[in-house]
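Student: Build me a structure from this.
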Amino acid sequence: MLVTACATHKEPPPSPEIDEALYRGALRTLAGDDFLGRRPGSPGEDKTVAYLVETFRKIGLKPGNGESFVQTVPLIESITASDATLSLAGPRGVRSLAFGKDMVIWSEGAAPTAQLQRSDLVFVGYGIVASEYHWNDYADTDVRGKTVLVLANDPGYASKDPTLFKAGAMTQYGRWAYKIEEAARQGAAGVLLIHDTDAVGYGWNVVQSTWMGPQYRLAAPAGAPPPAIEAWISNGAARDLIADTGRDFASLAAAAARPGFKAIALGLKTDALLHLTTRPFSSANVVALLPGSAKKRECVIYQAHWDGLGVDPSRPGHNIYNGAEDNATGVAGLLALAQSFQRTKPAPDRSILFLATTAALPNQLGSQYYVDNPVIPLRETEAVIALDSLLLGGPTRDVSIFGIGNSDLEDTVRAAALLQGREARPEPTPARGMYFAIDSFNFALAGVPVLYAQGGIDNSARGPVWGQSQLDDFRQHRYRQPADQYTADWDVRGAVSDLALYYEVGLRVTRARRFPRWYPNSEFRVTHQR
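Tutor: This next block holds a predicted model:
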């Protein structure tokens, strides 16, 4: 008996601390060439889903969707042929935009072709209808059957006027997806989004890599029928189009950022023709569950998208979009957190759902499908903690809160960060609207508080200037590019520190007496019964 007791004493229970080796191993695996860029509907998806299911099972989690770790997501893939055309005709002649160079065009329709013929072009400024901001770019304007030309971001960003929207911080109305949705509600036949690197936070190379390949939509989408064609056009092409009408682009853009702006018919006719290859297929959200010890029907969700951009056969050299930082880091973090919580004794009061979603790039479809078909009712979902593009580099003195001012989850982050000797601060580039770009954003739209926070720019060893330069370098050279690859010399200590922060925040939320709440002035404070 004494021998048995001593042996037992020498084997303490596994630690709930973040396992750096597990995190690094999962990151290396998911970002490997063997996973072919993790594109939905490809062999890369099959490998990714199988790996996640196997790992969650080994960790000891239960299937999150009944008896399955998989939630099937019905999608339709659409590929635009390279012979796509877009031209604008006016008094000064016809201007044709080159596919890839001047424009990237696609369609969400089901037909093998999509086209516009002599569709009037209307400049609608920022394309926003927002009663809470007393703003309506479509007021007294009928765009049914017409094509709208739309600026990126929102009037607050452009004007920096503190009385407009949120001044220098993007609102949800600055999202490119919102602008397409609003144009559809207005009955527009086409949408031309004007690309601006500063306004959207990424270069034209990201537009090419993200929208020139396969596009996806849910097999049974909700809402108004989409426009016949949707496109990004380069800033230079937009300026030339406006000049063709005898107007000045800068003057029009400035007018669009002032209250009382009225849409302007530009006197140009839009013609477009696309040939499309479409196919339906089933993709997968991966759902793993750690049951709570007391309130099993209530849950906290940790969420990361597993998908990437796949392989571009037409690209010379290395043509796999490995998606190491975006978002193998987040998915690897999901696995590391799952192990830590599985080892937590006593177990959290409420259940924890680990959700790896499909088809986030660029339309956040996997999370939208989950929100429409939750395995645990949203009214019983306390909060969502987003894991997206975890920090590379060493630890930081600060923690950035994205979309700050939305919910009291931020108070929990501040308290947990202090325990690590760190200070929680607003995100360094609020004009980019990163909160709206994460896959978890669909939960916020549905009324569930979402937290997106990660290590900031004040690197503990090199300071904030170096930290900001690393973020800028990633956005300029590796974001959604084949160069986003894992290397063995990556310093993952910052990510591990952030995962420890997420663990502490989630643990506190699962044990709290009440659910997190939106702040009274949050733009997401909607009816959400608990």
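
Student: Select the longest strand from the protein.
Tutor: strand 264-290 (DSSP state E).

Student: quick check: angle from the following helix or strand past it to strand 264-290?
Tutor: Later in the chain than strand 264-290, the nearest helix or strand by DSSP states H and E is strand 295-305. Comparing the axes of strand 295-305 and strand 264-290 via axes from the mean of the first three to the mean of the last three Cα atoms, to 10 degrees yields an angle of 130 degrees.

Student: I'd like the numbering to begin with 2 instead of 1 from here.
Tutor: Yep, numbering from 2; the last one is strand 296-306 now.

Student: From the contact counts, what lies against strand 296-306?
Tutor: Secondary-structure packing of strand 296-306 (3 or more Cβ pairs under 8 Å, 6 or more residues apart in numbering; DSSP states H and E): helix 330-343, strand 351-358, helix 366-373, strand 382-387, helix 494-512. From N, CA and C alone the C-beta is placed, and that goes for glycine too.

Student: Any chance of JSON lines for those, columns mean pLDDT, mean neighbour count and distance to L420?
Tutor: Shown next, in JSON lines, are those (pLDDT from 0 to 100; neighbours: other Cβ atoms under 10 Å; distance: least, Cβ to Cβ, whole Å):
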{"stretch": "helix 330-343", "mean pLDDT": "98", "mean neighbour count": "26", "distance to L420": "16"}
{"stretch": "strand 351-358", "mean pLDDT": "98", "mean neighbour count": "27", "distance to L420": "20"}
{"stretch": "helix 366-373", "mean pLDDT": "97", "mean neighbour count": "24", "distance to L420": "30"}
{"stretch": "strand 382-387", "mean pLDDT": "97", "mean neighbour count": "26", "distance to L420": "17"}
{"stretch": "helix 494-512", "mean pLDDT": "97", "mean neighbour count": "22", "distance to L420": "7"}
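
Student: so which of those gets nearest L98?
Tutor: Nearest to L98 among the helices and strands packed on strand 296-306 is helix 366-373; the distance by Cβ to Cβ comes to 27.5 Å.

Student: Next, the buried residues of the longest strand of the chain.
Tutor: 265, 267, 269-277, 279, 284-291 (16 or more other Cβ atoms under 10 Å).

Student: now swap in stretch 372-380 and tell me
Tutor: In stretch 372-380, counting by 16+ other Cβ under 10 Å, buried: 372, 375-377, 379.

Student: Equivalent analysis for stretch 71-79, please.
Tutor: For stretch 71-79, by 16+ other Cβ under 10 Å, it's 71-72, 74, 76-79.

Student: Run through who's touching that stretch.
Tutor: 41-42, 50, 54, 65-66, 107-109, 111, 215-221, 277-288, 359-360, 366-367, 370-371, 374, 376 (Cβ atoms under 8 Å, 6 or more residues apart in numbering).

Student: how does this structure divide into domains?
Tutor: Split into domains by automatic domain parsing, the chain comes to 17-78+280-456+491-512, 79-279.

Student: Next, the distance between the ends of the shortest one.
Tutor: So the one you mean is domain 79-279. 4 Å (Cα to Cα, to the nearest Å).

Student: How far away from the center of its chain is it?
Tutor: Relative to the centre of its chain, domain 79-279 is centred 20 Å away, using Cα atoms, centre = their mean, to the nearest Å.

Student: so who does the residue most central in space within the chain touch?
Tutor: For the chain, the residue nearest the mean C-alpha position is I439 (2.8 Å; Cα atoms, centre = their mean). Applying Cβ under 8 Å, 6+ apart, we find I439 in contact with 387, 389, 403, 451, 453.

Student: ok, then the element right after the helix or strand containing Y436?
Tutor: Per DSSP H and E, Y436 falls inside helix 435-438. From helix 435-438 onward toward the C-terminus, using DSSP H and E, the following helix or strand is helix 442-446.

Student: What's the first helix or strand after that next one?
Tutor: Helix 442-446 is succeeded, C-terminally, by strand 451-452 (DSSP H and E).

Student: From the contact counts, what lies against that next one?
Tutor: strand 382-387, helix 410-420, helix 442-446.

Student: measure the closest residue to G468 other than its chain neighbours to G404 for me?
Tutor: Distances taken as Cβ to Cβ, 6 or more residues apart in numbering place I458 nearest to G468, at 3.5 Å, with adjacent residues excluded. Separation of I458 from G404 (Cβ to Cβ, to the nearest Å): 17 Å.

Student: In terms of packing, which of those two has more residues around it?
Tutor: The neighbour comparison of I458 against G404 (other Cβ atoms under 10 Å) goes to G404, with 28 against 24.

Student: Next, that one: secondary structure please.
Tutor: coil (DSSP: H, G, I helix; E, B strand; the rest coil).

Student: any low-confidence regions in the chain?
Tutor: 2-13, 527-531 (pLDDT under 70).

Student: need the contact list for V54.
Tutor: Listed by Cβ under 8 Å, 6+ apart, the contact set of V54 reads 70-71, 287.

Student: repeat that with 7 Å
Tutor: Neighbouring residues of V54 by Cβ atoms under 7 Å, 6 or more residues apart in numbering: 70, 287.

Student: cool, and L28?
Tutor: Contacts for L28 (Cβ under 7 Å, 6+ apart) come out as 329-330, 333, 487.

Student: can you do 8 Å?
Tutor: Taking Cβ under 8 Å, 6+ apart as the test, what L28 contacts is 325, 329-330, 333, 487, 491, 493.

Student: so can I have TSV of the contacts of I439 showing distance to P227?
Tutor: Formatted as TSV, the contacts of I439 follow (distance: Cβ to Cβ, whole Å):
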residue	distance to P227
A387	26
D389	26
F403	28
V451	26
Y453	27
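
Student: Distance across stretch 195-202, terminal residue to terminal residue?
Tutor: Length of stretch 195-202, first residue to last, Cα to Cα: 13 Å.
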